[in-house]
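J.: dropping the sequence and predicted coords here.
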Amino acid sequence: MPFIPHTEDDVSEMLATIGVASIESLFEEIPAELRAQPLTQVPNAMTEMQIGQLMQRRAEQDGSYLNFIGAGAYQHHIPAAVWAIVTRGEFYSAYTPYQAEASQGTLQLLYEYQTMMASLTGMEVSNASLYDGASALSEACLMAVRANRKSQSAKFLLPYTVNPTYGKVAKAIAGNQNLQFESVSFDAKQGITLVDALTPYQHEDITALVIQQPNFFGQLEDVDALTDWAHAKGAMVIAVVNPTSLAILKPPGEWGSDGKGADIVVGDGQPLGVPLASGGPYFGFITTRMEYVRQMPGRIIGRTVDMEGRQGFTLTLQAREQHIRRGKATSNICTNQGLLVTAATIYMSIVGAHGLENVAITCQQRTTELINALTAIDGVKLAFNGPRFHEAVITLNRNIHDVLDALLKHGIVGGYDISSYYPQLGNALLVCATEVRSSEDIAAYAKALAEILSGA
Amino acid sequence: MPFIPHTEDDVSEMLATIGVASIESLFEEIPAELRAQPLTQVPNAMTEMQIGQLMQRRAEQDGSYLNFIGAGAYQHHIPAAVWAIVTRGEFYSAYTPYQAEASQGTLQLLYEYQTMMASLTGMEVSNASLYDGASALSEACLMAVRANRKSQSAKFLLPYTVNPTYGKVAKAIAGNQNLQFESVSFDAKQGITLVDALTPYQHEDITALVIQQPNFFGQLEDVDALTDWAHAKGAMVIAVVNPTSLAILKPPGEWGSDGKGADIVVGDGQPLGVPLASGGPYFGFITTRMEYVRQMPGRIIGRTVDMEGRQGFTLTLQAREQHIRRGKATSNICTNQGLLVTAATIYMSIVGAHGLENVAITCQQRTTELINALTAIDGVKLAFNGPRFHEAVITLNRNIHDVLDALLKHGIVGGYDISSYYPQLGNALLVCATEVRSSEDIAAYAKALAEILSGA
Amino acid sequence: MTEKLIFQHSRNGRTALAQYPVTSATTDVPEQLRRTKRPMLPEVSELQAVRHYTRLSQKNFSIDTHFYPLGSCTMKYNPRACNQYAMLPQFLNRHPLAPDATGQGYLACMYELQEMLKDVTGMHSVSLTPMAGAQGEFAGVAMIRAYHQSRNENHRDELIVPDAAHGTNPATATMCGCKVVEIPSLPSGDIDLEALQNAVGPNTAGIMLTNPSTLGVFERRIKQMAKIVHDAGGLLYYDGANLNAILGKVRPGDMGFDVIHMNLHKTFSTPHGGGGPGAGAVGVSRRVAPFLPLPIVGKQDDQYRWLTEKDLPQSIGRLSGFMGNTGVLMRAYIYMRMLGKQGMPRVAEYAALNANYLLARLRQAGFDAAYPERRASHEFIITLKRQARELNVNAMDFAKRLLDFGFHAPTTYFPLLVPECLLIEPTETEAKEDLDAFVDALIEIQREAETDAAKVKGAPYTLPVRRLDDVRAAKQLDLVWRG
Amino acid sequence: MTEKLIFQHSRNGRTALAQYPVTSATTDVPEQLRRTKRPMLPEVSELQAVRHYTRLSQKNFSIDTHFYPLGSCTMKYNPRACNQYAMLPQFLNRHPLAPDATGQGYLACMYELQEMLKDVTGMHSVSLTPMAGAQGEFAGVAMIRAYHQSRNENHRDELIVPDAAHGTNPATATMCGCKVVEIPSLPSGDIDLEALQNAVGPNTAGIMLTNPSTLGVFERRIKQMAKIVHDAGGLLYYDGANLNAILGKVRPGDMGFDVIHMNLHKTFSTPHGGGGPGAGAVGVSRRVAPFLPLPIVGKQDDQYRWLTEKDLPQSIGRLSGFMGNTGVLMRAYIYMRMLGKQGMPRVAEYAALNANYLLARLRQAGFDAAYPERRASHEFIITLKRQARELNVNAMDFAKRLLDFGFHAPTTYFPLLVPECLLIEPTETEAKEDLDAFVDALIEIQREAETDAAKVKGAPYTLPVRRLDDVRAAKQLDLVWRG
Ligand SMILES: Cc1ncc(COP(=O)(O)O)c(C=O)c1O
Ligand SMILES: Cc1ncc(COP(=O)(O)O)c(C=O)c1O
């Protein structure tokens, strides 16, 4: 039997020990009328060979495209060593490190991860992961309600320049606890949130302002001004950041003219060694200041000593968590995204601070190259001015959907159609080029687009 | 620097310790006139990302074909677990287990491997691998010269039904020590070696007769009769076998009417969990009877005990080997094919005796299905009658090369053209279907071939 | 040996040059937005990173190396094929927002997974998007609330939760803005029906149940319970963490559940990865279907596509940035196809066989079952109350000492209502002789407890560290390395 | 803990059903050709196999887990990229006899590898086919013989081999039907030129040399030696095991060598896999080129193809069933492309830096260098003759004790002519602080040897087994398990 080791002899000996005649008897407490009929929608068993061949065919059916979408998930080079180690049985098939002594590998790695994320974001503490960037924002908002003792409103300012899906998720998750989210409009020229747009809320009780940097359009927000505005009125700042960008961008921990920084930082860790994989598994990160650590959701690892005084690592501050605090926990999260954190930790170790800086700079260069190549085409315009990281909005003189379809035939996934989210922008396409896109790739895109737009 | 960890500070401290001013000084003993010029044929360094993209392109250039060639290398299902474990750093990046205490993983695995191979071939002892099947035959012949004390001739009978490349390799390797190889013709109807064909050598001093089972044509030799003939005249029997087939075929250790069996057994272990990979790395196996163990080439692992009486494993009988015996060693082999043996051992453990039997039976069925489908086509004939394993020779009414070319356009690698080796067979094609070829694959082949031969 | 921290291998200027693009350019980011001090990421060679993390990995217990009978966690074999084929390059390189046309192979897998999960649970519809059990619970309770709201019963905000429930159940209720009404279990392990009857009322949103419960027994009067809750206008929520126990034998839908989540990382054997990722797909009855979280895969004319808000306007919305933990779903899909229809009930059968055998042997050896009159489901509870009282050796001590014998410890101190408990779940993929060895180890530890309690209380001895000081960890917080 | 043998997990009828085709058919093989008794292969579950071999693997030292300064073996980091990209599905699934048209991507790699190897060795032509160093040696010596035969100098069958040579050198000579003429090394580590002059003669086929030699020093008078041998009508064979020491700094072709083999599994960092596979590509000067072993990749009009006997009628022939260890060659190719032209000399430079640093530190610590007047190449020899004599602690004892400190031992007792030697090769991929830790360990062992010799002689203590009984292994042969 696949994956079941029992021989006939084993079964009879075991039944005899139990004192029953058949395996069926073990289910005798289940009312007979409830017993299931044979399954109808599950096909017959396949051997590994057969499923392998099927998956190979399905993979080929999906094919390989030159990808120019970012929009929250970014294609980066992943050192081969990363997943070779991540998929080692000892990491891959271990549970949550409840028995610390038998889980020092995972625990030490997580402690190292916490250190890296705290440093990358400029904050003091990090947890061991949340599900993904979007749900991390929801958790950050719930946390802010607990942490911002000055605010009673549970009201959040959520600029339109924040990834719209993150907003949807925040509403779906945190909406149940009556958190409110107010949208904030953006500057049509620069594609960023101006302090002016916040002034209507000047006198309202706001729990926190969310700032995404780089924002959904790839543009860089004036984070200091926004942070100052929020802090001046007792609102917290929740930063949503791309970890790659932090190699060159001011870390949220230093935002604001006083350098006091954001209060909670979240984001999606996917760019750190996690493949695109049609959407997951990725992981969410959250960091904050020590003063808020007891409000932080999710697992936290602490360094301590054993009976002989040797360094060791263990889950700590568990009184925040559901298995101890139950209905009063900071969150219901239990299983998190540990294996992806394993990948990210190894990724950051191999690429290193200098490497990540080069990755970030190269991404920025590639995107500039891409924008230049595309906007050189008749009918293509850049939507916003001002500094950006590795994404940009361009507008076309044609329906985006048709253009993307036509690009597919050239083997190109040309960007993410954001026209339905931002009708005011017209035929708006969010494009991205990271370090994996070569100049030839970019030229191929420009050539195909020119052809399509010229109606050839 | 890629793969070099030295910082500038490291380098200066180290040079200071050595007492030289520069790394260049470390090469001062090399005569100046010998110093190399910069390389011209080695391109600039690529990053891992770049080489990965290049290799991906090259792989796509090679493409994927439906393969119907065997001829010494067979496409089988390989459980995913096999290479996941084989490529664990502890197996992958270890050296030969010279320090036994620090290599018990590899050593115990090899001991298990020896046990499996001895049992599979029906022999008493196995070594820890040779390079591949072809070179293993050469080593077996050299070993037979040492082991067969009755024979002085160093003359071997090598039927034409033995893989012709194995013959070439034997001549290239063992020819240097003046071993002679006599060819033996085969029966035109059954494609096997008849005892009749051996009678000319009845009264000659023959060191050993080589018997390949299944033979190069996929046909099954009458191994008992051949073995009896050889043993009756004091010649040894060297068996060349396919390990998969041994799940259903009489093991060489039982060949002959007295069941005494072959004297030395060799073959290529590739079918046991090693991918085709354009030809390697595979591994050669060799097994024999205990009485000849000291004549066997290559490493051998023995079980012993440690100072506390605990079971442990170690290299043994090293006095046969080059690092001890130097010019008088049984062979010059040093590095062998350990990692492939690791794969084979895990493969055999997972598939098991029952599984291997099913693999063998299914291969045989698939080949029968293939033969039936192909010979139903006008212009296709089966070359030989009689029992076979998972290969067969068919003959076509058209030039093989052209047909294979035409099949390629259908995505099919249609078999191995053996017409130049066996001109007497005409347009002869050696075809093979293992368990990985489905009925649909076979139908696709037959359809394409019918089309091509009908001149459509 | 104590392993250094990766930062302690770090040296200024050391670097794995093959791993990032070389560029002499600097960024054009305006100064006030720029980072001035490099983050403290390790500066190590590739070999140092590989060696460090390879060595760290060896300090873990895992299914691939140890018997891991962690109750409620279903630590069964994670077939390697699932990983290999989920990681084919075309799958890995596909962007989640790429057009559906570029993902028909992948979407076919997701669609078929939905169909198979419907079948094994007996539910009307399934959404794969929740990223773990707890998020599945969240989706489930949010749907229950949305359902009541759609019927203008906004006031229904009480969720009944048994005392044996997993912590995520009450925590989820709170996250959904519900109040928790706890009801007790009877000494038999079943729910107290009278208490349930008293607990329901006009504000009842529903009940969250695990069946078999976390006490390791099947709730026999599930039909009566369903009737009580349904009669009161509430819905039944099924926590699918224990689905392994009944796979193909009883279907939650047939028991009367309206909403369920499954832990694919338990029942369908996707890896736990030292904490995650999981996948907490949800299934619902017809009346709750309109509220399912997005996205869901639809099929039209042999083309697959992601359904959106337009298709499901009453959806509770989106729970993740993209489509949930797709790679986990792929692994579960592959696993289910390898089991096939015949393999599903076999999972439950052999999980039950192993659990009941282990229970029988431990009882024969003198250990106390928490529910001695009951059949074990796929797991069961031993209580060491007696040992704690008489020998001063508690469940934690037994657990730690088991590590020395090469076994991962069962779940300890959960469920909370059984004192000094070990919740033991062997799973169907373990062989009889390994169960026997585990029994032998517990017998030996019992003997040690009787003759040399200090030895047990000092365990473990053979692991990379001895018992750790948790109090210090929580008091002298050391959460990041400061050099 | 002692790990059971896989056979001890085996039970009649246990099986990993997902892993083979189910068939109810039986074979139609005639009875007298059929197997009657199943072979003793393990009957275990997939999990049991995975767990067993995962656990076994943890009992190995390896580069990925330990510093492994095994002299003459070049245990440097094996980049993971080489493995990943050599194992792309299209490469793995291609049959070796499939038409060249289906392998143009793969053949391009092989062709470029040939070109790069020519460049770094300074040779005229290269064949990639030999499957390890020893087979490369065989090919080399066979070519030398073929060369002489082509000039009707069949009698040239004497090969000169220094006493320090690796065992494969004389063993190869024998395999090629040659006689070995051994010549001594001088106390300086250089070859005794006078002895060489005396050794050459009309029967001289050639000389087999390693340079830098296995004594860890560069043979300074190589030009003179080349002249002596060439003048006598012999050819020079270069054993490339130590190529790492001089990569990009000196080329064997420029030193006057006619034939060389390279150990790609050393210099070009393909994995050793616990014993193999390797790849022993051979390079030759123009006059030896016609004799290269087959196959070789040729290029014509941008198409690549395997050359055959038709192209190279004087070839010594084929040495393997197909094309040699292609997968190893792919890994070497990837590695070389990542190093690039600038990376090649860097390898030699940092290998030399590490070796000379380690030598300097060990000498400072009081250890005796075998060749104190010489620069180390990429490796060097420490002799523990003094310790053996004075403390009765020998090289083997130091080696075993090093294991307890977490270091793989250097090569011991090779080369044979230096008593109680440790041949130490750190390679360029190790960091200074790890070298320092290794020195500290040796200093500590020296201290132990002086104060508590028994402790060192009883080592190792912390490995899966204590010192093993090799005598018993050889006397009471136990080579296969009999249940
Ligand atoms: C009974 C029960 N319910 C819910 C959960 C929560 O699932 P997850 O950890 O996937 O969020 C678990 C597992 O941890 C569980 O055992
Ligand atoms: C100096 C020297 N020559 C030759 C060889 C033989 O190479 P291989 O083991 O690849 O056959 C080795 C390595 O073992 C060696 O160190």
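T.: Perfect, thanks for sending it. As the structure is a computational prediction, the values presented were derived from the model and not from experiment. Ligands and ions are numbered 1, 2, ... in the order given.
J.: so C:G283, which of the three states?
T.: Per DSSP: H, G, I helix; E, B strand; the rest coil, the secondary structure class of C:G283 is strand.
J.: residues in contact with it?
T.: Taking Cβ atoms under 8 Å, 6 or more residues apart in numbering or on different chains as the contact definition, C:G283 lies against C:117-118, C:121, C:123-126, C:252-253, C:259-262. C-beta coordinates here come from the backbone N, C-alpha and C atoms, glycine included.
J.: what about 10 Å?
T.: By Cβ atoms under 10 Å, 6 or more residues apart in numbering or on different chains, C:G283 lies in contact with C:114, C:117-118, C:120-127, C:136, C:140, C:238, C:240, C:251-253, C:257-262, C:289, C:292.
J.: now it, which residues is it bridged with?
T.: Beta bridges link C:G283 to C:V126, C:I260 when assigned by DSSP bridges.
J.: the closest residue to A:T314 other than its chain neighbours: how many residues sit nearby?
T.: With sequence-adjacent residues excluded and distances taken as Cβ to Cβ, 6 or more residues apart in numbering or on different chains, A:T314 is closest to A:A100, at 4.1 Å. Residues lying near A:A100 (other Cβ atoms under 10 Å in any protein chain shown) number 24.
J.: wait, A:A100 touches A:L315, no?
T.: Yes. Counting by Cβ atoms under 10 Å, A:L315 is a contact partner of A:A100 at 6.9 Å.
J.: isn't A:G279 right up against C:P277?
T.: No. Using Cβ under 10 Å, A:G279 makes no contact with C:P277, being 12.0 Å away.
J.: find residues that contact each of these two.
T.: The overlap between the contact sets of A:G279 and C:P277 (Cβ under 10 Å, 6+ apart) consists of A:132, C:324-325, C:327.
J.: overlap in contacts, A:A100 and A:L315.
T.: Common contacts of A:A100 and A:L315 (Cβ under 10 Å, 6+ apart): A:107, A:301, C:468, C:470, C:473.
J.: how far does stretch A:178-188 stretch from one end to the other?
T.: Terminal residues of stretch A:178-188 lie 31 Å apart, using Cα to Cα, to the nearest Å.
J.: does it reach chain C?
T.: Yes. Interface with chain C: stretch A:178-188 contributes A:N178 (Cβ under 10 Å from any Cβ of the partner chain).
J.: which positions within that stretch qualify as buried?
T.: Neighbour-count burial for stretch A:178-188 flags A:179-181, A:184, A:186-187 (criterion: 16 or more other Cβ atoms under 10 Å in any protein chain shown).
J.: near ligand 1, which residues of the stretch 301-450 of chain C?
T.: Counting by Cβ under 6 Å from any ligand atom, no position of the stretch 301-450 of chain C is adjacent to ligand 1.
J.: what about A:G279 and C:P277, which has more around it?
T.: Just comparing A:G279 and C:P277: by other Cβ under 10 Å the higher neighbour count belongs to C:P277, 31 against 28.
J.: measure how buried the nearest residue to C:S127 once chain neighbours are set aside is and give me the count.
T.: Nearest residue to C:S127, sequence neighbours excluded (Cβ to Cβ, 6+ apart): C:L292, at 4.3 Å. The tally of other residues near C:L292 (other Cβ under 10 Å) stands at 26.
J.: okay, C:L292 and C:L312: tell me how far apart.
T.: C:L292 sits 7 Å away from C:L312, going by Cβ to Cβ, to the nearest Å.
J.: who in chain C is up against chain B?
T.: C:9, C:11-22, C:43-48, C:50-51, C:53-55, C:57-58, C:64, C:77, C:79-85, C:87, C:89, C:93, C:334.
J.: circling back: filter the contacts of C:G283 down to the buried ones, ChimeraX style.
T.: The buried residues among the contacts of C:G283 can be selected in ChimeraX (16+ other Cβ under 10 Å) with this line:
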select /C:114,117,118,120,121,122,123,124,125,126,127,136,140,238,240,251,252,253,257,258,259,260,261,262,289,292
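J.: what is the burial count for C:P30?
T.: 11.
J.: actually C:V471, not the one I wrote
T.: With neighbours defined by other Cβ under 10 Å, the count for C:V471 comes to 10.
J.: return the residues in contact with it.
T.: Taking Cβ under 10 Å, 6+ apart, we find C:V471 in contact with A:304, A:316.
J.: that one should be in a helix, yeah?
T.: Yes. Checked against three-state DSSP, C:V471 lies within a helix.
J.: that one and A:T316: what is the separation?
T.: Distance from C:V471 to A:T316, by Cβ to Cβ: 10 Å.
J.: give me the common contacts of these two.
T.: Joint contacts of C:V471 and A:T316 (Cβ under 10 Å, 6+ apart) are A:T304.
J.: next one: the helix or strand of chain A with the lowest mean pLDDT to chain centre, how far?
T.: In chain A, no helix or strand scores lower on mean pLDDT, DSSP states H and E than helix A:322-325, which sits at a mean of 87. Counting by Cα atoms, centre = their mean, to the nearest Å, helix A:322-325 is centred 25 Å from the centre of its parent chain.
J.: and the longest helix for the chain?
T.: No chain was given, so I picked chain A. Secondary structure of chain A per DSSP state H: the longest helix is helix A:338-375.
J.: that was the other one, I meant chain C.
T.: Longest helix of chain C, by residue count under DSSP H: helix C:326-364.
J.: any buried residues in that one, and which?
T.: The neighbour-count check on helix C:326-364 (16+ other Cβ under 10 Å) flags C:326-341, C:343-362 as buried.
J.: what's the separation between the residue in chain C that ligand 1 sits nearest to and ligand 2?
T.: The nearest approach of chain C to ligand 1 comes at C:G133, 2.2 Å away (Cβ to the nearest ligand atom). In this view, C:G133 and ligand 2 are 52 Å apart by Cβ to the nearest ligand atom, to the nearest Å.
J.: quick check: that residue vs C:L243, distance?
T.: The gap separating C:G133 from C:L243 is 11 Å, by Cβ to Cβ.
J.: how about the residue of the stretch 151-300 of chain A found nearest ligand 2, secondary structure?
T.: The minimum distance from the stretch 151-300 of chain A to ligand 2, using Cβ to the nearest ligand atom, falls at A:G273 (35.1 Å). Counting by three-state DSSP, the backbone at A:G273 sits in coil.
J.: go on, C:Y237?
T.: Of the three states, C:Y237 takes strand under three-state DSSP.
J.: and for it, nearest residue in space, chain neighbours not counted?
T.: Closest to C:Y237 by Cβ to Cβ, 6+ apart is C:M208, at 4.5 Å.
J.: same deal with C:G216?
T.: Closest residue to C:G216 apart from its sequence neighbours, by Cβ to Cβ, 6+ apart: C:F380 at 4.1 Å.
J.: I'd like to know how many residues surround the one you found.
T.: C:F380: 30 surrounding residues under other Cβ under 10 Å.
J.: just the ones of the contacts of C:G283 in helices?
T.: Using DSSP H, the contacts of C:G283 in helices are C:114, C:117-118, C:120-121, C:136, C:140, C:252-253.
J.: which pLDDT value goes with the residue nearest to C:Y237?
T.: At C:M208, the pLDDT value in this model is 97.
J.: what is the helix or strand hosting it packed up against?
T.: Element membership for C:M208 (DSSP states H and E) is strand C:204-209. Applying 3 or more Cβ pairs under 10 Å, 6 or more residues apart in numbering or on different chains; DSSP states H and E, one finds that strand C:204-209 contacts helix C:133-150, strand C:158-162, helix C:168-175, strand C:179-183, helix C:222-231, strand C:235-240, strand C:259-262.
J.: any idea which of the ones you listed gets closest to B:V359?
T.: For B:V359, the closest of the helices and strands packed on strand C:204-209 is strand C:259-262, at 34.8 Å, according to Cβ to Cβ.
J.: which residue comes closest to the most centrally placed residue in chain A once chain neighbours are left out?
T.: Central residue of chain A (Cα atoms, centre = their mean): A:D268, 2.4 Å from the mean position. Of all residues beyond its chain neighbours, the one nearest A:D268 is A:G133 (2.7 Å), with distances taken as Cβ to Cβ, 6+ apart.
J.: quick check: the one you found touching A:V274?
T.: No. Applying Cβ under 10 Å as the test, A:G133 and A:V274 come out as separate, 11.3 Å apart.
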